[in-house]
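> I'd like to go over a predicted model; first the sequence, then the structure.
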Amino acid sequence: MNCPYCGEELVHDDVFGRLAAHQDGKVIGDIYRCPTAMEQDGKCESELFNVCGSFYSYRDNVELHDGYPC
């Protein structure tokens, strides 16, 4: 999966879902980071996100979303 802003290959960073000890452990989606944005040198617009260079997608729908899942 590539960054829609700079075209760099995204790096898988983490998962999200119902992962707390009292929940069922279901993974709902994946979190990715843009390595170019992480350099914070102005080469990728995603470095301006609240969580720099962060994208996410749900496992049942591979559409990439900007930012960090809430």
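Yep, it's here.

> now the farthest one out in the protein, which residue is it?
For the chain, the residue at maximal distance from the C-alpha centroid (Cα atoms, centre = their mean) is residue 22, at 24.8 Å.

> tell me if that residue really is in a strand.
No - the assignment for residue 22 by DSSP: H, G, I helix; E, B strand; the rest coil gives coil, which leaves it out of any strand.

> the residue nearest the centre of the chain: what secondary structure?
Centre of the chain computed as the mean C-alpha position; nearest residue by Cα atoms, centre = their mean is residue 55, 2.6 Å away. Counting by three-state DSSP, the backbone at residue 55 sits in strand.

> quick check: residue 17 touching residue 31?
No - the pair residue 17 and residue 31 does not pass the contact test of Cβ atoms under 8 Å, sitting 10.7 Å apart. Where C-beta positions appear, they are placed from N, C-alpha and C, glycine not excepted.

> just the residues contacting the lowest-mean-pLDDT helix or strand in the chain, thanks.
When each helix and strand of the chain is scored by mean pLDDT, DSSP states H and E, strand 61-66 comes last, with a mean of 93. Defining contact as Cβ atoms under 8 Å, 6 or more residues apart in numbering, one finds that strand 61-66 is touched by 1, 4, 32, 46, 49, 55, 56, 57.
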